[in-house]
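In: here are the coordinates; sequence isn't available:
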Ligand code: GDP
Ligand code: IMO
Ligand code: MG
C-alpha cells in the first residue's frame with residue numbers, strides 16, 4: 001500500500017476506525033494528524049470492541065508504529081487513561097508509540113470554557129460540541145499562548161502552567177465559570193507527564209526517515225469534511241483541518257509524499273451535534289436507520305441524527321480531498337428499507353445548488369432534490385464479493401459511484417473485519433457507475 005490519507009467525507013462517524021483497522025495490515029505506520037478526544041473510532045476484533053479517542057486505530061496490531069502528530073490536541077490525563085486501558089487488554093505500546101512534542105495540550109480551563117460557551121441560552125448559538133475543550137485549545141494555539149506536549153517535560157513547566165492558569169482564571173471569572181486549581185492541576189499533569197515521557201518526541205525525523213526508507217504511512221483522519229474548520233458548515237464545525245490537506249500540516253510530511261486519498265462514506269448520512277443537515281429524517285425512517293445502524297455517539301453516547309445519502313456533500317468532499325475511491329460503510333443498515341432516497345442537488349429561493357454553499361443561513365434553508373431508488377429488502381451482511389450482493393444493492397452502490405464521480409474501492413457490510421469487500425487490491429476492480 002502506498003502512503004494513504006483516509007478521511008471522513010461526511011460529518012464524522014463514517015466508520016473510519018474500522019477501515020483503518022482493515023488497512024493497518026498493509027502499512028507500517030498509522031498517524032493521526034488532527035482533532036483530539038472528540039473523536040471516537042470503533043474497532044471490533046473478534047469478540048473485543050475498542051473505542052479509540054486519541055490513540056491511532058492501528059495500535060491493536062502488534063509491531064505497527066503509531067503516531068500522534070503535531071496537528072492534534074491532547075488531554076494528557078485522558079491519553080494516559082486510554083493508553084493504560086489498552087495495555088490492560090494486552091496491547092504493548094513500548095517502542096511503537098510516538099507523541100509529537102509539538103501537539104498542543106488541552107488544559108482543564110479549555111474544557112470549562114467549552115462548557116461555558118455551550119451553555120449559552122441564545123437559540124441557534126450552541127454548536128453541540130463534545131465538551132472536550134477542543135475549540136478553546138486550538139484557539140490558544142492560533143493565539144500563540146498554548147502549551148505543547150513537549151512543555152510537559154520542560155523543567156520550566158510549573159512556571160509556564162502557572163502563568164496560563166492565572167490568565168485563564170481571569171477569563172473564567174469574567175464568564176462566571178468555576179476557577180481552576182493550579183496546584184492540583186500541576187500534580188495531575190506531572191503524573192501524566194511521567195507516564196507519557198517515553199513517548200513524547202520530535203516525530204518529524206521519524207516520519208522523514210520512514211518516507212526515505214519507503215515505509216508505508218496511513219494517515220487516520222478524524223471527524224469529517226463537513227466539520228472542517230474552513231470547509232465545514234461553519235460555525236457548526238470542529239476546530240481543526242479534517243480534510244486531506246491537514247495530513248501534511250498536521251505531521252510535517254510533505255504533499256508529494258501522499259500517494260492516495262480514501263474517503264470514507266456511509267451509505268446514508270449521520271450527524272451529531274447542531275448545524276444544518278439537509279437530508280435529515282426527523283420521522284420514523286430516521287428512527288429506523290438509527291436503530292438498524294446503532295447510531296449513538298462513540299464519544300458522548302448522544303443519538304446521531306440520521307438522513308439519506310447526500311451526493312452534494314460527497315461531491316464537495318471529493319473536490320476538497322481529491323478522493324481516489326470510496327470506502328463505503330454500513331450498506332447493511334439499509335437492508336430493510338423499501339425505497340431509498342439520494343439527494344442529488346439542493347434548492348433554495350428558486351436557485352439550484354450542486355455544491356455546498358458557504359453561507360450557513362442559506363444552507364439551513366436548502367431543500368433536498370431527491371432521486372428515489374428501490375431497496376433490495378434482503379441481507380447483505382454475508383456478502384464476500386460484489387456479485388454476492390442483491391442486484392438492487394449492487395445498483396445502489398454503482399449509482400452512488402456514478403453520481404459522485406468516485407469509484408468504490410472498499411465496501412463494508414458489518415462492523416467486523418470480515419464484513420469488508422476489497423476492490424482496491426488489483427487494478428481494474430474498482431466499482432464504477
Ligand atoms: P468513526 O468515528 O468514523 O471511526 O466511526 P464510529 O466508530 O464512531 O462509528 C461507526 C460505527 O459503525 C461503529 O459502531 C462501527 O463498529 C460501526 N460500523 C462500521 N462499519 C460498519 C458496517 O459496515 N456496518 C455496520 N452495521 N456497522 C458498521
Ligand atoms: P469521529 O472522529 C462526529 C462534532 C460535535 C460537534 C462539532 C464540534 O469519531 O468521526 P468539538 O467537540 O469538536 O468542538 O465539536 O463536531 N464532532 C464529531 N461528530 N464524529 C466525531 O469524531 C466528532 N468530533 C466532533 O458533535 O457537532
Ligand atoms: Mg466516531
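Out: Received it, and whenever you're ready, just let me know what you need. Everything quoted here is computed from the prediction, not taken from an experiment. Ligands and ions are numbered 1, 2, ... in the order given.
In: And the average pLDDT for the longest helix along the chain is what?
Out: What stands out as the longest helix in the chain, according to DSSP state H, is helix 157-174. For helix 157-174, mean pLDDT rounds to 97.
In: what comes into contact with it?
Out: 107, 109, 112-113, 116, 145, 147, 151, 154, 178-180, 182, 185-186, 189-190, 193 (Cβ atoms under 8 Å, 6 or more residues apart in numbering). The C-beta positions use only the backbone N, C-alpha and C, and glycine is treated the same way.
In: give me the residue from the stretch 101-250 of the chain nearest ligand 1.
Out: residue 222 (7.1 Å; Cβ to the nearest ligand atom).
In: Please identify the buried residues of stretch 189-208?
Out: 189, 192, 193, 196, 199, 200, 201, 203, 204, 207 (16 or more other Cβ atoms under 10 Å).
In: correction: stretch 273-291
Out: 273-281, 285-286, 288-290.
In: OK, contacts around residue 276?
Out: So residue 276 contacts 233, 236, 360, 363, 364, 366 (Cβ under 8 Å, 6+ apart).
In: Run a quick check on the fourth one versus residue 233, I expect a contact.
Out: So that's residue 363. Yes: if you go by Cβ atoms under 8 Å, residue 363 and residue 233 touch, sitting 6.2 Å apart.
In: Comparing the two, which shows the higher neighbour count?
Out: residue 233 (23 against 20; other Cβ atoms under 10 Å).
In: mind checking the SS state of that one?
Out: What DSSP: H, G, I helix; E, B strand; the rest coil gives for residue 233 is coil.
In: Distance check, it against residue 351.
Out: When Cβ to Cβ, to the nearest Å is the yardstick, residue 233 and residue 351 sit 18 Å from each other.
In: now residue 380
Out: From residue 380 over to residue 351 the distance is 38 Å, taken as Cβ to Cβ.
In: Just want to know which of the two has more residues nearby.
Out: For the pair residue 380 and residue 351, the greater number of neighbours falls to residue 380 (23 against 10), based on other Cβ under 10 Å.
In: Check what pLDDT the more buried one gets.
Out: 98.
In: what does residue 82 give?
Out: At residue 82, pLDDT is 98.
In: Contact partners for the closest residue to residue 218 other than its chain neighbours?
Out: Distance criterion Cβ to Cβ, 6 or more residues apart in numbering; nearest residue to residue 218, sequence neighbours excluded, is residue 27 at 4.1 Å. Each residue near residue 27 by Cβ under 8 Å, 6+ apart is listed here: 1, 4, 58, 64, 216, 217, 218.
In: Take those and write them to TSV, including distance to ligand 2, secondary structure and neighbour count.
Out: Formatted as TSV, the contacts of residue 27 follow (distance: Cβ to the nearest ligand atom, whole Å; DSSP: H, G, I helix; E, B strand; the rest coil; neighbours: other Cβ atoms under 10 Å):
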residue	distance to ligand 2	secondary structure	neighbour count
1	21	coil	16
4	17	strand	21
58	15	coil	26
64	20	coil	17
216	22	coil	16
217	19	strand	25
218	15	strand	26
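In: Let me see the ranges of the helices in the stretch 101-250 of the chain.
Out: 108-118, 134-143, 157-174, 182-196, 203-212, 246-249 (DSSP state H, counting those that start in this stretch).
In: Would you tell me which of those helices gets closest to ligand 2?
Out: Ranking these by proximity to ligand 2 (Cβ to the nearest ligand atom) places helix 134-143 first, at 4.0 Å.
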